[in-house]
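Trainee: below is the sequence, then the predicted model.
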Amino acid sequence: MAILIKKAIKVYKNRGFSGLVDKTGRFAHKRLRKLGKKLRFKNVGIDQKRLDEEFDFVSSDIFQITGEDIAASKKATSGPKPEKIQTATWFIPYFNHFEFNGIQTIFRFIDKLSQEGVKNRIVIYDNPTFDVAAFEEKMLSYFKITDYEIIVFGDNKQKDIKKLPPSDIAFCTFWVSAYMLLRFNKTKRKYYFVQDYEPMFYEAGSTYALAQSTYRFGFSGIVNTPGLLAALNQRDGLEGISFVPATNHDLYYPNPKRQNKRVRIFMYTRPLNPRNAFNLGILTIKLLLDKYGKKIEIITAGAEWNEADYGLEGLITNKGLIKTLPEVADLYRNCDIGFSFMLTPHTSYQMQEYSASGMATVMNVNADHAWLNKDGENCLLAEPSPADMAEKISKLVDNPKLRARLVKNAQKELGYTWQQQMEMIWNDVKKSSH
């Protein structure tokens, strides 16, 4: 009881009487739900824990918006454009692995803004215990960002948003952060840095709806790939520009001396990311092993998981979450074939990185990826069926000449550079802000 009283006092100091009433009401409601769940959902197969977690998540004050909030945001950005872009605010979710491609892409543009004399305020809004010193060390090991400030939000996000200083432009980078940007009206232009169709990270439901709603907030889109921009525009009316992910050829390049005794096949695996269809990939691996046995070698990476749980212990090599990009690139250079599933509109980076490293590639059919993945020309495409995927990979196992042709064609399309793409985005931002 003493602990509850201390918490109540803290809420009262931070949020006042109305905040205390709101918090108390939620606490009571949550307890009532827990007490009643066995009676309500007994023997009907409902995952009450998951329902409770989603209810608590979507109940957050930050998601409680109205048409007035959207109108106020649009009004804030309808005034005069900044004469010169000197400051930018970035709402970025907590992350613990700087090597992820999406995070790298965000910070490439922050780096570009820094080169142009813009001060970047980096707001971590969802982890009050964020280790700023460790983050700075990692960031500066990759990028030459100079004038910047790192701001970490506490538990009261709306209060923290109001305390932010004004900036000329501002960005959100994940759908949750769009709700922060919606309320941050001390800026003249708002941009949505989109890197996937994020509602698809969830089943169609409450969270899906909250994520999809953000594309209608009126922000200008800066979208990773033309296919994703087309999907966002057609489905939700988001307007903006797209860029093409570039490949770092200093990192990803072929190994001309590669001569594997067995055909080495790599699969990108992330069990907790449904869009990568982990189960379909595992079944594909089993079919390949049944067909070729020790004539092939299969390596996986992307996340930690137990091969024994799928009957694959001793049959494949799972490298889990590889810590550094040079290690990833070295692995790719020494494989012959790469495959992965990507079920959302954003094109997987693997297609380009595999090709740049000299790997022939098999991907699943996805209409939103047609701008890049061309069946029989720069890759092979398979239906999202383990049998079809295994059949297409088998064509590459049995035909080294086909592998070489696909790689050669794919590498012709890898002429984009990050410098070009970041310059294009910067020019568009300047144009829309002047």
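Mentor: Right, received. Where do you want to start?

Trainee: what pLDDT does Gly325 get?
Mentor: Let me fix one detail, which is that residue 325 is Leu and not Gly. Per-residue pLDDT puts Leu325 at 89.

Trainee: that one against Glu99, yeah?
Mentor: Yes. Applying CB atoms under 8 Å, one finds Leu325 in contact with Glu99, separated by 5.3 Å. For every residue, glycine as well, the C-beta is placed using N, CA and C.

Trainee: ok, how many other residues are close to Ala370?
Mentor: Here the number of neighbours of Ala370 (other CB atoms under 10 Å) works out to 15.

Trainee: for the closest residue to it other than its chain neighbours, phi and psi?
Mentor: Spatial nearest neighbour of Ala370, chain neighbours left out: Gly227 (7.0 Å); criterion: CB to CB, 6 or more residues apart in numbering. When read as degrees, to the nearest 10, the backbone of Gly227 gives phi -60, psi -40.

Trainee: now Leu312
Mentor: Dihedral angles (degrees, to the nearest 10) for Leu312: phi -120, psi 10.

Trainee: okay, the residue nearest to Ala370 and Asp368: tell me how far apart.
Mentor: Distance of Gly227 to Asp368, computed by CB to CB, to the nearest Å: 4 Å.

Trainee: overlap in contacts of the two?
Mentor: Here Gly227 and Asp368 have 345-347 as joint contacts, going by CB atoms under 8 Å, 6 or more residues apart in numbering.

Trainee: possible to save those residues as TSV with pLDDT, distance to Lys395 and neighbour count?
Mentor: Below are these laid out as TSV (pLDDT from 0 to 100; distance: CB to CB, whole Å; neighbours: other CB atoms under 10 Å):
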residue	pLDDT	distance to Lys395	neighbour count
Pro345	94	27	24
His346	94	26	24
Thr347	91	22	25
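
Trainee: what sits up against the longest strand anywhere in the chain?
Mentor: In the chain, with assignment by DSSP state E, the single longest strand is strand 187-194. With contact meaning CB under 8 Å, 6+ apart, strand 187-194 is reached by 73, 76-77, 79-82, 89, 106, 109, 166-173, 178, 181, 184, 214-215, 217-224, 228-229, 232, 238, 240, 429, 432-433.

Trainee: closest to the centroid, which residue in this protein?
Mentor: Gly102 (5.3 Å; CA atoms, centre = their mean).

Trainee: show me the contacts for it.
Mentor: Residues in contact with Gly102, defined by CB under 8 Å, 6+ apart, are 195-196, 224.

Trainee: which outside residues touch stretch 127-136?
Mentor: 94, 124, 150, 152-155.

Trainee: again, 6 Å this time
Mentor: Stretch 127-136 has contacts (CB atoms under 6 Å, 6 or more residues apart in numbering) with 94, 124, 150, 152, 154.

Trainee: of those residues, buried ones?
Mentor: 124, 150, 152 (16 or more other CB atoms under 10 Å).

Trainee: what about these, which are in helices?
Mentor: Among the buried ones among the contacts of stretch 127-136, DSSP state H puts none in helices.

Trainee: Phe266: which of those residues is nearest?
Mentor: Ile124 (33.2 Å; CB to CB).

Trainee: isn't the closest one up against Ile150?
Mentor: No. In this structure, Ile124 is not within contact of Ile150 by CB atoms under 6 Å, at 7.1 Å.

Trainee: now for the residue nearest to Ala370, how many residues are close by?
Mentor: Count around Gly227 with other CB under 10 Å applied: 22.

Trainee: so who does it touch?
Mentor: Contacts of Gly227 (CB under 6 Å, 6+ apart): 345, 368-369, 371.

Trainee: and it, what pLDDT?
Mentor: pLDDT recorded at Gly227 is 96.

Trainee: again, but for the one 3 residues further on
Mentor: The score at Ala230 is 97. That number is its pLDDT.

Trainee: show me the helices in the stretch 251-400 of the chain, by range?
Mentor: Under the criterion DSSP state H, counting those that start in this stretch, the stretch 251-400 of the chain contains helices at 278-292, 325-333, 349-356, 386-398, 400-412.

Trainee: can you put these in CSV and add distance to Leu113?
Mentor: Listed next are those as CSV, based on distance: least, CB to CB, whole Å:
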stretch, distance to Leu113
helix 278-292, 36
helix 325-333, 23
helix 349-356, 22
helix 386-398, 41
helix 400-412, 31
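
Trainee: of the ones you listed, which approaches Asn255 most closely?
Mentor: The nearest among the helices of the stretch 251-400 of the chain, by CB to CB, is helix 325-333 at 4.1 Å.
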